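Peer 1: Here's a sequence, model it:
(chains A and B)
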There are 2 protein chains.
Amino acid sequence: MCDLFVKDIAGHLGEEVRLKGWVRNIRSSGKLLFIIFRDGTGEIQAVAFKPELGEELFETAKKLSLESSLILKGIPRKHQKLEGEYELSITSIEVIQYAAEYPIGKKEHGPDFLLSNRHLWIRSSKQWAILRLRHRIYYAITEYLHSQGFFRFDSPILTPNACEGTTTLFELEYFDEGLAYLSQSGQLYLETGIMSLGRVYDFGPVFRAERSKTRKHLTEFWMMDAEAAFVDHEENMQIQEELIRYIIRSVLENCLPELNVLERDIDTLRKADAPFKRMTHYEAVEYLRAKGSEITHGSDLGAQDEVLLTEGSEVPIFIERWPKEIKAFYMKRDPENPSLVLGNDLIAPEGFGEIIGGSQREDDHDMLLSRMQAENMPIEPYQWFLDLRKYGSVPHSGFGVGLERLITWMSGTRHIRETIPFPRMIYRIYP
Amino acid sequence: MCDLFVKDIAGHLGEEVRLKGWVRNIRSSGKLLFIIFRDGTGEIQAVAFKPELGEELFETAKKLSLESSLILKGIPRKHQKLEGEYELSITSIEVIQYAAEYPIGKKEHGPDFLLSNRHLWIRSSKQWAILRLRHRIYYAITEYLHSQGFFRFDSPILTPNACEGTTTLFELEYFDEGLAYLSQSGQLYLETGIMSLGRVYDFGPVFRAERSKTRKHLTEFWMMDAEAAFVDHEENMQIQEELIRYIIRSVLENCLPELNVLERDIDTLRKADAPFKRMTHYEAVEYLRAKGSEITHGSDLGAQDEVLLTEGSEVPIFIERWPKEIKAFYMKRDPENPSLVLGNDLIAPEGFGEIIGGSQREDDHDMLLSRMQAENMPIEPYQWFLDLRKYGSVPHSGFGVGLERLITWMSGTRHIRETIPFPRMIYRIYP
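Peer 2: The predicted structure follows:
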């Protein structure tokens, strides 16, 4: 008899198979017993008929509690009523463990209770679907990058210097070397990698010690940074757009069951796979002010501005050419207007906010140095970064994708805490 | 004219193309100038002939320093003497930047100098080859796992509890929640994931604050942990063996140029793709004692033991069924001998040491609890881990692969510090 996963059931209709997994739900009605059975790869309704299973086994099965583990033997058939669905006619049941009373029931639980039981909560259909989507999105990103000649180049987490300000850094004692900081971004290190490998990316955890308690903040989250030699601002945006559209297609091809569980509007997602809109920061501010926002030309977009900006847009929107004062020191000056930098944000539709930040990088040693001095940055810890502009500097660009932000959009989830297996927030480090 | 990467040159012989990159080396001889040109994807010898290039451009080109960045136009041809190699007849040279005098020359540098200049050192042929190998090995691991139905499930880095002892933990203040620790292994968290997704893995940085200064120690390194429901000790070892053999084949298929740069003995690597040997810990100790080691039956293998054990073996060796006292609390007791656990190490040949540790996990709640109590572990922080044995416990197994250890073996590199872009060691956190 063949050991099978639920996902492979369609290829084995009519033959007796063995499935191993858990009881999602159970109910009985006279001589019939219905088990919603799950094994990680999918769910199936399994049906036992008392006269066929035998009285003793039937009564044993009826006592199964939620989340009990078991091995089912049975014959998969097409579902009698639901097109494209299957069910299993049970021929035998072997209980592995009767689960203790499961704390997560059908009643509503508050977020704190669910987060404290995150190790169990992840078994629920919705969390299962989001985590499978996370897997697919991560993999689609690496597939696309590899097809474009990017090499994985892991940036360090323990760093001696601060990439973007020091107030939101986690710090720790590093032996006798003084303080070390947990990385907020691998970007600066990635820039070293392009001089060896041409095109590189990293994809790992980054950390921000922000005292913010919103549905958009995690203190530990995953970031993909990509960096490419001889790529300018324009091509950089093309790569970003192709990447996001590739991910949308990969998700639609591979994750329809998950999107259905999440009740995600699939058509809306599909429509985002079309040429993205572009606005300069100046144009965006004009547009927003006409719509009633009080944003000024020298300021960053607020969360509400991002929502307003994408209202009515089916596709993500690039906001490019930002005032240099509100963007990072390493962005290249716009040759057409030295008060701007060649940076871009990419804003997801449906109010999901920023998903990418990118720019062409300053490749001139003296320009970079003067910008660092103007920002009162310490020079010595960044000597290695300046070195890159001394030994064969080249035009180059890159961008960073926030994995969890992307998942909130693709999955239609409003709370970022559900997009990572074990979220870390200001008041949350357990389990 | 077509913009090209060096790796794609063979498809464009005889047509004028444009290449962008750096000067690895340069020499001139009368009317000829030879530039070893690299662009991240590979290297090619580019040749300029004074009468063809013109006097002015030729003299400009002659002044190019090492690591200068440039755009070459030229016509790729088969190398006149070297089979399978190509060279470029230069038709035009555009200098992007004359590099300042490059600090890494042809003379020997000490490791400290090279590590302080790691941001430049990675450009050297050997480091380039190791980093490309790292990319391939990482990707091969995920390819194999995906083919076997494993889903990515990222474990947290910031953790409230200690996985394996507390003396080697990096700790930091986590807001008002007290101390947090940097993860040493995602394994325990992965065990929660199998109850949702069936088979899961993580692959990210882990941390050990060890005060060891050896060529095998990093304080930050990359680990892949895999965990699968309904997999026993035997099948667990099969998965490990298939994974490693898959990686060997992938490296041999994709990285011959890199292995050649590294002067890796390819035949030796190829021979390791054969059925792995197996010994119990007891047998290993007997074997070692017969060879003169002073190891006893209750002790772990030392580095020298690992070398001695694999001497003369073409394939990796599994050491299984260990005394429970010297293995972690979560390993399942051997039903045939309760003083042993169903754990395994996998030792690479050629003296490269342990590359995998794995085991079937204790799935019985009370057995696990009593083992934790016997080791004086705090119970409350691990309540979530014990919960997994209450709500549908199942037989399960997993293992962890140290990425850098694996790279040292595949690349034939004796120093682990060269297998990661920016190594972190007891006296090293810059750059």
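Peer 1: Sort out which residues of stretch A:303-320 are buried, please.
Peer 2: A:305-306, A:308-310, A:313-320 (16 or more other CB atoms under 10 Å in any protein chain shown). The C-beta positions use only the backbone N, C-alpha and C, and glycine is treated the same way.
Peer 1: who touches it?
Peer 2: A:216, A:233, A:237, A:240-241, A:244, A:268, A:271-272, A:274-281, A:284, A:287-288, A:291, A:293, A:295, A:301, A:342-351, A:353-355 (CB atoms under 8 Å, 6 or more residues apart in numbering or on different chains).
Peer 1: Out of those, which are close to chain B?
Peer 2: Among the contacts of stretch A:303-320, not one lies near chain B by CB under 8 Å from any CB of the partner chain.
Peer 1: Now the buried members of those residues.
Peer 2: A:216, A:233, A:237, A:240-241, A:244, A:272, A:276-277, A:279-281, A:284, A:288, A:293, A:295, A:301, A:342-351, A:353-355.
Peer 1: Among the residues you listed, which are located in strands?
Peer 2: Members of the buried ones among the contacts of stretch A:303-320 lying in strands (criterion: DSSP state E): A:277, A:279-280, A:342-348, A:353-355.
Peer 1: okay if I get these as JSON lines plus pLDDT?
Peer 2: Formatted as JSON lines, those follow (pLDDT from 0 to 100):
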{"residue": "A:K277", "pLDDT": "98"}
{"residue": "A:M279", "pLDDT": "98"}
{"residue": "A:T280", "pLDDT": "98"}
{"residue": "A:L342", "pLDDT": "98"}
{"residue": "A:G343", "pLDDT": "98"}
{"residue": "A:N344", "pLDDT": "98"}
{"residue": "A:D345", "pLDDT": "98"}
{"residue": "A:L346", "pLDDT": "98"}
{"residue": "A:I347", "pLDDT": "98"}
{"residue": "A:A348", "pLDDT": "98"}
{"residue": "A:G353", "pLDDT": "96"}
{"residue": "A:E354", "pLDDT": "97"}
{"residue": "A:I355", "pLDDT": "97"}
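Peer 1: Nearest to A:F329 among these?
Peer 2: Taking CB to CB as the measure, A:G343 is the one of these closest to A:F329, at 11.4 Å.
Peer 1: Bridged to the closest one, which residues?
Peer 2: A:G343 forms beta bridges with A:S359, as assigned by DSSP bridges.
Peer 1: what's near enough to touch the closest residue to A:S124 other than its chain neighbours?
Peer 2: Counting by CB to CB, 6 or more residues apart in numbering or on different chains, A:I104 is the residue found nearest to A:S124 once chain neighbours are left out, at 6.8 Å. Residues near A:I104 by CB under 8 Å, 6+ apart: A:114, A:117, A:120-121, A:123-124.
Peer 1: give me that answer again for 10 Å
Peer 2: Shown in contact with A:I104 (CB atoms under 10 Å, 6 or more residues apart in numbering or on different chains): A:66-67, A:113-114, A:117, A:120-121, A:123-124, B:391.
Peer 1: what does A:L158 give?
Peer 2: A:L158 neighbours (CB under 10 Å, 6+ apart): A:172, A:174, A:177, A:180-183, B:170, B:182, B:205, B:207, B:219-220, B:422, B:424, B:429.
Peer 1: what's the farthest-apart pair in the residues you listed?
Peer 2: A:E177 and B:P205 (18.1 Å).
Peer 1: These two - which one has more neighbours?
Peer 2: Between A:E177 and B:P205, counting by other CB atoms under 10 Å in any protein chain shown, B:P205 is the more crowded of the two (23 against 15).
Peer 1: secondary structure class for that one?
Peer 2: Using DSSP: H, G, I helix; E, B strand; the rest coil, the structure places B:P205 in strand.
Peer 1: looking at it, it is touching B:F221, isn't it?
Peer 2: Yes - contact criterion CB atoms under 10 Å: B:P205 and B:F221 qualify, at 7.0 Å.
Peer 1: shared neighbours of those two, anything?
Peer 2: Common neighbours of B:P205 and B:F221, using CB under 10 Å, 6+ apart, are A:154, B:403, B:420, B:424.
Peer 1: Could you identify which of those residues has the most neighbours?
Peer 2: A:D154 (27 neighbours).
Peer 1: Could you report the separation of the residue nearest to that residue when sequence neighbours are not counted from A:D225?
Peer 2: Using CB to CB, 6+ apart and skipping the chain neighbours, the partner closest in space to A:D154 is A:D202 (5.4 Å). The spacing between A:D202 and A:D225, counted by CB to CB, to the nearest Å, is 5 Å.
Peer 1: Between these two, which contacts overlap?
Peer 2: With CB under 10 Å, 6+ apart as the test, A:D202 and A:D225 both reach A:153, A:155, A:185-187, A:189-190, A:193, A:400.
Peer 1: any chance of those in CSV, plus distance to A:K73?
Peer 2: Formatted as CSV, these follow (distance: CB to CB, whole Å):
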residue, distance to A:K73
A:F153, 49
A:S155, 50
A:S185, 52
A:G186, 50
A:Q187, 54
A:Y189, 54
A:L190, 52
A:G193, 53
A:G400, 50
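Peer 1: Could you list which of those residues belong to strands?
Peer 2: A:G400.
Peer 1: Which ones, among the shared contacts of A:D202 and A:D225, also lie beside chain B?
Peer 2: A:153, A:155, A:186, A:189-190, A:193 (CB under 10 Å from any CB of the partner chain).
Peer 1: what's the farthest-apart pair in those?
Peer 2: Maximum distance among these (CB to CB): 9.3 Å, for A:G186 and A:G193.
Peer 1: What distance do you get for A:S196 to chain B?
Peer 2: Separation of A:S196 from chain B (CB to the nearest CB, to the nearest Å) stands at 4 Å.
Peer 1: tally of neighbours for that residue?
Peer 2: With other CB under 10 Å as criterion, A:S196 counts 25.
Peer 1: Roughly how far does it sit from B:L131?
Peer 2: 7 Å.
Peer 1: Between the two, which contacts overlap?
Peer 2: Common neighbours of A:S196 and B:L131 (CB under 10 Å, 6+ apart) are A:151, A:153, B:122, B:421.
Peer 1: Quick check, pLDDT for the closest residue to A:R245 other than its chain neighbours.
Peer 2: With sequence-adjacent residues excluded and distances taken as CB to CB, 6+ apart, A:R245 is closest to A:D273, at 4.9 Å. pLDDT recorded at A:D273 is 98.
Peer 1: Quick check: A:D273 touching A:Y246?
Peer 2: Yes - with contact defined as CB under 10 Å, A:D273 counts as touching A:Y246 (9.0 Å).
Peer 1: According to the record, where do the domains of chain A fall?
Peer 2: Domain ranges of chain A: A:2-97, A:118-419, per automatic domain parsing.
Peer 1: now those domains as a markdown table including distance to B:L19?
Peer 2: Below are the domains of chain A laid out as a markdown table (distance: least, CB to CB, whole Å):
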| stretch | distance to B:L19 |
| --- | --- |
| domain A:2-97 | 47 |
| domain A:118-419 | 10 |
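Peer 1: Out of these, which is the most enclosed?
Peer 2: Highest mean neighbour count among these (mean count of other CB atoms under 10 Å in any protein chain shown): domain A:118-419, with a mean of 19.
Peer 1: any idea how far that domain is from the chain center?
Peer 2: 12 Å (CA atoms, centre = their mean, to the nearest Å).
Peer 1: What of stretch A:107-121?
Peer 2: Using CA atoms, centre = their mean, the offset of stretch A:107-121 from its chain centre is 21 Å.
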